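A.B. asks: What follows is a predicted protein model with its sequence.
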Amino acid sequence: MVTERIYIDRNNIDKKLLERAGKVIREGGLVAFPTETVYGLGGDALNRDSSAKIYSAKGRPSDNPLIVHICRYEDIHVIASDISDMAVKLAEALWPGPMTMIFNRKSIVPKETTGGLDTVAVRMPGDDVALGFIRAAGNFIAAPSANSSGRPSPTSADRVIEDLGGRIDMVIDAGRSDIGLESTIIDMTSDVPMILRPGFITGETVERICGRVAYDPAVFGSENKGVRPRAPGMRYRHYAPKGELTVISGERDRVRSYIIERTAECRSNNVRTGVMIAEDDDEWVERYKSTSDLVINIGSALDEDKIAANLYEALREFDDREIEEIYSEEFNTKRLGQAIMNRLLKAAGHKVVRL
Ligand code: AMP
Ligand code: MG
């Protein structure tokens with residue numbers, strides 16, 4: 001199969017092109033599309049064969065459910081039931097946007113889409129290209145992130161093509177995704193909204209709107225201690241670069257001398273290393289360069305939005321350069337630190353050196 005790439009200008013959206021993309025979905029095909037979080041791999045959410053195709057294109061385990069993307073609030077009632085007042089408030093405040101809510105599933109949604117579950121994940125993305133595409137496709141798009149299973153999520157059409165080129169019908173290219181981390185997933189099936197996956201929308205925001213919030217213990221990485229995450233996707237190795245990633249945690253100077261020592265040792269053994277940091281100036285980039293093959297500064301320590309936006313792209317750049325061992329500093333920033341560290345630790349398979 002040849003994957004067709006179409007370009008959409010966000011400032012002047014070509015409806016005819018989106019109509020063509022929508023037709024591919026209505027005929028049972030797969031289209032990768034931009035959202036404000038990451039690129040998604042879309043199929044018709046109400047067609048079991050389309051969902052099956054998504055799993056096969058990604059190599060994704062079929063018990064890892066997809067998110068159903070909608071473009072109008074009222075469509076929630078077509079696919080989900082028992083919508084609480086809190087859910088209505090969250091939707092009013094945060095949709096369209098990077099928030100996914102879990103509800104009881106209506107039977108119109110095939111179990112192939114929900115990974116066999118009786119619940120369904122719903123999101124209205126905050127991206128006009130995505131919204132126009134969903135509308136053109138018939139209002140219900142099932143989509144996980146548009147990467148091959150296990151790899152870092154794509155934040156550009158180039159990265160989608162790298163993983164899925166030849167396996168899907170079309171990619172809509174509208175440039176880089178702004179946020180760079182997948183949506184916050186909130187389970188709304190019990191009395192207290194429960195965060196299953198952290199993201200750009202924080203627990204504090206949910207608490208402010210609903211008065212209450214709970215966290216799945218797996219959010220804090222407890223799956224290592226035998227806690228089974230409630231979002232099936234959080235069970236799998238994820239976001240991982242090909243090189244071996246280790247997070248170095250502790251007091252800044254000690255972290256830095258440890259990384260210098262390790263990378264120097266690797267170099268003397270002909271092992272290619274990479275280092276990931278977030279710094280305002282490039283002084284440490286230069287210092288790390290003396291021992292390491294690729295140093296990526298993903299943003300300023302004070303600009304967490306930038307760190308989030310660049311994280312997955314950086315992990316893929318290490319692969320482009322065939323880096324064998326990657327050392328990352330920690331990014332425990334104020335607002336997005338939980339979401340950023342959740343992804344980074346998963347990418348590292350929870351390999352952390354604590355100094
Ligand atoms: P992705 O967009 O690739 O991260 O995949 C969608 C994510 O949503 C996965 O982590 C799923 O486990 C999660 N998800 C989708 N549906 C449900 C559901 N019904 N209950 C819990 N998690 C879900
Ligand atoms: Mg994913």
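C.D. replies: Yep, that arrived. Ligands and ions are numbered 1, 2, ... in the order given.
A.B. asks: any idea how far ligand 1 is from residue 71?
C.D. replies: Using C-beta to the nearest ligand atom, to the nearest Å, one gets 17 Å for the distance from residue 71 to ligand 1. Glycine gets a C-beta too; all of them are placed from N, C-alpha and C.
A.B. asks: what separates that residue from residue 47, distance-wise?
C.D. replies: Counting by C-beta to C-beta, to the nearest Å, the gap between residue 71 and residue 47 amounts to 17 Å.
A.B. asks: same deal with residue 342?
C.D. replies: From residue 342 across to residue 47, the span is 32 Å (C-beta to C-beta).
A.B. asks: mind listing what's buried in the helix or strand that contains residue 339?
C.D. replies: Secondary structure assigned from DSSP states H and E places residue 339 in helix 337-347. Residues 337-347 are the ones in helix 337-347 that count as buried (16 or more other C-beta atoms under 10 Å).
A.B. asks: Are it and ligand 1 in contact anywhere?
C.D. replies: No: against ligand 1, helix 337-347 shows no contacts by C-beta under 6 Å from any ligand atom, the least distance being 10.4 Å.
A.B. asks: Mind checking if that helix is in reach of ligand 2?
C.D. replies: No: for helix 337-347, no contact with ligand 2 is found by C-beta under 5 Å from the ion; the gap never falls below 10.3 Å.
A.B. asks: and the next element down the chain from that helix?
C.D. replies: Criterion used, DSSP H and E; the element after helix 337-347 is strand 352-354.
A.B. asks: And that next one, what's buried?
C.D. replies: residue 352.
A.B. asks: Show me how far the helix holding residue 339 is from its chain's centre.
C.D. replies: A distance of 11 Å separates the centroid of the chain from that of helix 337-347, by C-alpha atoms, centre = their mean, to the nearest Å.
A.B. asks: now swap in stretch 122-130 and tell me
C.D. replies: Using C-alpha atoms, centre = their mean, the distance from the centre of stretch 122-130 to the centre of the chain it belongs to is 14 Å.
A.B. asks: does it come close to ligand 1?
C.D. replies: No: judged by C-beta under 6 Å from any ligand atom, stretch 122-130 makes no contact with ligand 1; its nearest approach is 8.9 Å.
A.B. asks: near ligand 2, which residues of the stretch 101-250 of the chain show up?
C.D. replies: By C-beta under 5 Å from the ion, the residues of the stretch 101-250 of the chain that approach ligand 2 are 144-145.
A.B. asks: For the protein, what lies in contact range of ligand 1?
C.D. replies: Of all the residues in the chain, those in contact range of ligand 1 (C-beta under 6 Å from any ligand atom) are 64-65, 67, 102, 114, 117, 119-121, 144-145, 182, 185, 196, 230-234.
A.B. asks: Which of those residues fall within helices?
C.D. replies: With helices taken from DSSP state H, there is no overlap with these.
A.B. asks: so of those residues, which ones are in strands?
C.D. replies: For the residues of the chain next to ligand 1, the ones inside strands are 67, 102, 119-121, 185, 196, with DSSP state E as the criterion.
A.B. asks: got a markdown table for these, with neighbour count and pLDDT too?
C.D. replies: As requested, these are arranged in a markdown table below (neighbours: other C-beta atoms under 10 Å; pLDDT from 0 to 100):
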| residue | neighbour count | pLDDT |
| --- | --- | --- |
| 67 | 25 | 98 |
| 102 | 25 | 98 |
| 119 | 18 | 98 |
| 120 | 25 | 98 |
| 121 | 28 | 98 |
| 185 | 25 | 98 |
| 196 | 21 | 96 |
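A.B. asks: can you map out the helices along the stretch 1-150 of the chain?
C.D. replies: 15-26, 48-58, 76-79, 85-94, 128-137 (DSSP state H, counting those that start in this stretch).
A.B. asks: winner for burial among the ones you listed?
C.D. replies: With neighbours defined by mean count of other C-beta atoms under 10 Å, none of the helices of the stretch 1-150 of the chain is more surrounded on average than helix 128-137, at a mean of 24.
A.B. asks: for that one, packing partners?
C.D. replies: With contacts defined as 3 or more C-beta pairs under 8 Å, 6 or more residues apart in numbering; DSSP states H and E, the secondary structure elements packing on helix 128-137 are helix 15-26, strand 31-33, strand 40-44.
A.B. asks: Would you reformat these as TSV and include mean pLDDT and distance to residue 332?
C.D. replies: Formatted as TSV, the entries for the helices and strands packed on helix 128-137 read as follows, by pLDDT from 0 to 100; distance: least, C-beta to C-beta, whole Å:
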stretch	mean pLDDT	distance to residue 332
helix 15-26	98	40
strand 31-33	98	32
strand 40-44	98	28
